[in-house]
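A.B. asks: Can you look at this prediction? I've put the sequence above it.
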Amino acid sequence: MSRPKLAVLISGTGRNLQAILDACQDGRIAAEPALVVSSRPGVPGLEHAKARGVPTTVLDHRQYPRREDYDAALAQLLDRARADLIALAGFMRILTSGFARSHRGRLFNIHPSLLPRYPGLGTHAKVLAAGDPRHGASVHYVTDELDSGPVVLQGSVAVVPGDTAETLAERVMREVEIRIYPCVLAWAAAGRLKLDVGKIVLDGRALDAPLKIEEMDER
Ligand code: GRF
């Protein structure tokens, strides 16, 4: 059976992208990286993809004043690449409901918070301002509401005295994000993970709650 094709959508540094491409390369994710799309030109993520021989395209958001036109162009690129799975990895665009609906069940995002807490931007600063003892990241299916689709897997770290938004972001990235995203995509690529009428199904069983990183290795 041929491997599903994976497209990754980025806007910046691309640390999640790198972790995903590493996992495709070493066989943890049984998918073929078919395309990397960046909404911004000249970002480091594009170089990581090129260095691994993955086709890249820049779809510059500034050239599309209308959101619908941007998403139509994006859908066309993904169709042409025959992408089966689409991973948003630091993609700084809000997709239209139409796009989310037509790619439902194969569109994933990583968000740096323990959803449903703190959708949107500035999560690390919000956690510090609220005095939360823990912070983390979530991988979720994308539906038509911002950062609110069903969460598959979450991981958390302790907030420690002296933390700044930067130190916290780095810890969440290193200890959580680059571990949980490849894992979810591996399940999806292997056909083990599905979205069934709003319910997440892993290995034929519906999940009642998001999985925790501690349970990841048992799966
Ligand atoms: C990550 O924190 C991700 O959760 C958020 O944007 C950041 C992207 O970082 N959505 P990178 O481009 O993967 O390094």
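C.D. replies: Good, I have the coordinates.

A.B. asks: In this structure, what helix or strand scores lowest on average pLDDT?
C.D. replies: For the chain, using mean pLDDT, DSSP states H and E, the weakest element among its helices and strands is helix 213-216, scoring a mean of 91.

A.B. asks: gap between that one and the chain center?
C.D. replies: Its chain's average C-alpha position is 18 Å from that of helix 213-216, according to CA atoms, centre = their mean, to the nearest Å.

A.B. asks: what comes up buried for that helix?
C.D. replies: Residues of helix 213-216 classed as buried under the neighbour-count rule (16 or more other CB atoms under 10 Å) are Ile213. Just so you know, the C-beta spots here come from the backbone N, C-alpha and C atoms, and that holds for glycine as well.

A.B. asks: same for it, what does it pack against?
C.D. replies: Helix 213-216 is packed against strand 151-158, helix 178-189, with contacts defined by 3 or more CB pairs under 8 Å, 6 or more residues apart in numbering; DSSP states H and E.

A.B. asks: Stretch 12-32 vs the ligand: in contact?
C.D. replies: Yes: where contact is defined by CB under 6 Å from any ligand atom, part of stretch 12-32 touches the ligand, namely Gly12, Thr13, Gly14, Arg15, Asn16, Leu17.

A.B. asks: Tell me the residues of the protein that contact the ligand?
C.D. replies: By CB under 6 Å from any ligand atom, the part of the chain that sits against the ligand consists of 10, 12-17, 45, 89-90, 110-112, 137, 173, 177.
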